[in-house]
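Undergrad: Quick one, fold the following:
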Amino acid sequence: MVSDSAAPGAGGAGLIGAAVHREAPLSRAGLLERAFSAAFSGLVYPQIWEDPEVDLAALALPPGARLATIASGGCNMMSYLVADPAEIIAVDLNPHHVALGRLKLAGARLLPNYATFYRFFGQADAHANVGAYDRFLRDALDPETRAYWERRDWRARRRVTQFSRNFYAHGLLGNFIALGQWAARRFGVDLGAITQARDLAEQRAFFDAHIAPLFDRPLVRWITRRKASLFGLGIPPAQYDALAGGRDMAAVLRERLEKLACDFPIADNYFAWQAFTGGYAPGDAGPLPPYLRSANFAAMAARADRVRLVNRSLTDRLAEEPAASLDAYVLLDAQDWMTDAQLNALWREIDRTARPGARVIFRTAGVETILPGRVAEATLARWRYHAAESAAFGARDRSAIYGGFHLYTRED
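TA: Predicted structure coming up:
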């Protein structure tokens with residue numbers, strides 16, 4: 001793995017390949033894995049798809065806690081700052097996510113006010129954002145991150161200009177959402193119309209009348225049976241099988257989208273706005289992740305220097321921490337990708353670095369926790385699984401993507 005000082009953009013494909021590749025290169029499964037790692041080596045998540053409010057409730061962080069998390073698109077890493085931790089250790093295998101996270105941290109520290117910060121990272125489609133980058137951020141970034149955002153595309157546009165062209169329409173997930181919206185329109189459905197629903201009953205009626213029938217179309221069923229069709233959601237071949245659970249994928253996706261569309265008021269669910277419109281509701285009054293809310297801006301900006309974000313694996317980064325030094329761990333869905341050997345290496349480091357009472361949260365494509373029978377019993381015996389609380393937190397997760405949410409606590 002690369003060192004803490006590695007540049008965003010360096011070594012990302014190798015890190016991702018090491019995490020994903022399991023099969024022989026020329027086998028059908030091996031070719032799929034390599035196709036996924038190639039797709040995943042660019043920007044994937046302009047927005048993270050785990051609910052940070054559920055995370056914060058499950059973590060119950062006391063002020064001054066030390067937290068380790070996978071960064072992904074950086075939204076949750078930033079949102080955890082509202083809990084007043086002493087330090088957040090953030091890692092990601094994808095160097096594009098590291099560059100995005102470092103830009104968000106710099107924005108919190110250096111942009112002059114909430115309105116400018118929200119315009120940059122919430123609205124993310126104003127030409128003035130490029131001017132704000134040049135005036136307030138460019139020269140303050142570390143050289144590697146600055147080089148990343150200054151890199152030019154085939155049309156000679158700097159990468160940072162994505163924030164003047166709806167940043168949330170970029171990246172693998174942004175492109176996937178845009179493609180889904182385009183396909184729905186081809187079938188005569190404007191997905192964004194659901195945001196006009198006044199209550200859950202109207203949301204349900206829209207879903208039943210317009211969205212659910214899309215999954216009965218033969219073309220949609222045929223496409224979703226291909227593992228590569230879900231690369232845009234960041235789902236590798238191994239996780240596809242866990243998500244399907246032996247069922248037709250179109251039916252599984254219909255259920256997950258039904259939860260997103262029908263289980264939470266649209267006025268409170270920014271994940272639904274992202275899925276159905278490709279952006280956030282306009283203005284601070286709309287549903288937003290905690291880090292983008294005006295009420296949290298001052299505290300988040302004052303604490304942004306508490307985040308240490310690096311292009312590493314979590315296992316390798318934890319190996320540098322002293323024993324009994326961390327209070328919480330956020331693993332996202334990364335364990336769905338892991339072999340048993342990788343799982344055990346990670347949990348040895350978690351177990352070694354955990355303080356008494358430390359909490360671990362993660363999500364899975366399937367419903368059940370994946371640890372029993374895979375992580376060594378000697379390690380897992382020191383951790384208590386909270387089944388009822390996990391199910392309750394999972395039901396509250398507004399992103400609706402995952403089958404299971406899981407909470408473990410260290411018992412000493």
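Undergrad: hmm, who's touching the strand ranked longest in the chain?
TA: Longest among the strand segments of the chain by residue count, using DSSP state E, is strand 354-364. Residues outside strand 354-364 that contact it (Cβ atoms under 8 Å, 6 or more residues apart in numbering) are 50, 55, 58-60, 242, 324-336, 350, 370, 383, 393-394, 397, 402-410, 412. C-beta here means a position set from N, CA and C on the backbone, and glycine is covered the same way.
Undergrad: Residue 214 and residue 363: what is the separation?
TA: 25 Å (Cβ to Cβ, to the nearest Å).
Undergrad: Among these two, which residue is more densely surrounded?
TA: Each of residue 214 and residue 363 has its neighbours counted (other Cβ atoms under 10 Å); residue 363 has more, 27 against 20.
Undergrad: how about the spatially closest residue to that one that is not a sequence neighbour, what does it touch?
TA: Spatial nearest neighbour of residue 363, excluding adjacent residues (Cβ to Cβ, 6 or more residues apart in numbering): residue 402 at 4.1 Å. By Cβ under 8 Å, 6+ apart, the contact list for residue 402 reads 50, 333, 363-365, 394.
Undergrad: hang on, residue 164 packs against residue 130?
TA: Yes - counting by Cβ atoms under 8 Å, residue 164 does reach residue 130; the two are 5.3 Å apart.
Undergrad: quick one: secondary structure of residue 366?
TA: When classified by DSSP: H, G, I helix; E, B strand; the rest coil, residue 366 comes out as coil.
Undergrad: contacting residues around it?
TA: Applying Cβ under 8 Å, 6+ apart, the residues contacting residue 366 are 242-243, 245, 403-404.
Undergrad: mind putting those residues in CSV, neighbour count and pLDDT included?
TA: As requested, the contacts of residue 366 are exported to CSV (neighbours: other Cβ atoms under 10 Å; pLDDT from 0 to 100):
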residue, neighbour count, pLDDT
242, 19, 73
243, 22, 77
245, 13, 74
403, 18, 91
404, 20, 95
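Undergrad: sorry, back to before: filter the contacts of strand 354-364 to the buried ones?
TA: 50, 55, 58-59, 242, 325-336, 350, 370, 383, 393-394, 397, 402-410 (16 or more other Cβ atoms under 10 Å).
Undergrad: Among the contacts of strand 354-364, which are located in strands?
TA: Using DSSP E, the contacts of strand 354-364 in strands are 326-330, 383, 404-410.
Undergrad: Among the residues you listed, find the lowest-pLDDT one for me.
TA: Among the ones in strands among the contacts of strand 354-364, residue 404 carries the weakest pLDDT, at 95.
Undergrad: isn't it right up against residue 390?
TA: Yes - counting by Cβ under 8 Å, residue 390 is a contact partner of residue 404 at 7.1 Å.
Undergrad: shared neighbours, the two?
TA: Joint contacts of residue 404 and residue 390 (Cβ under 8 Å, 6+ apart) are residue 369.
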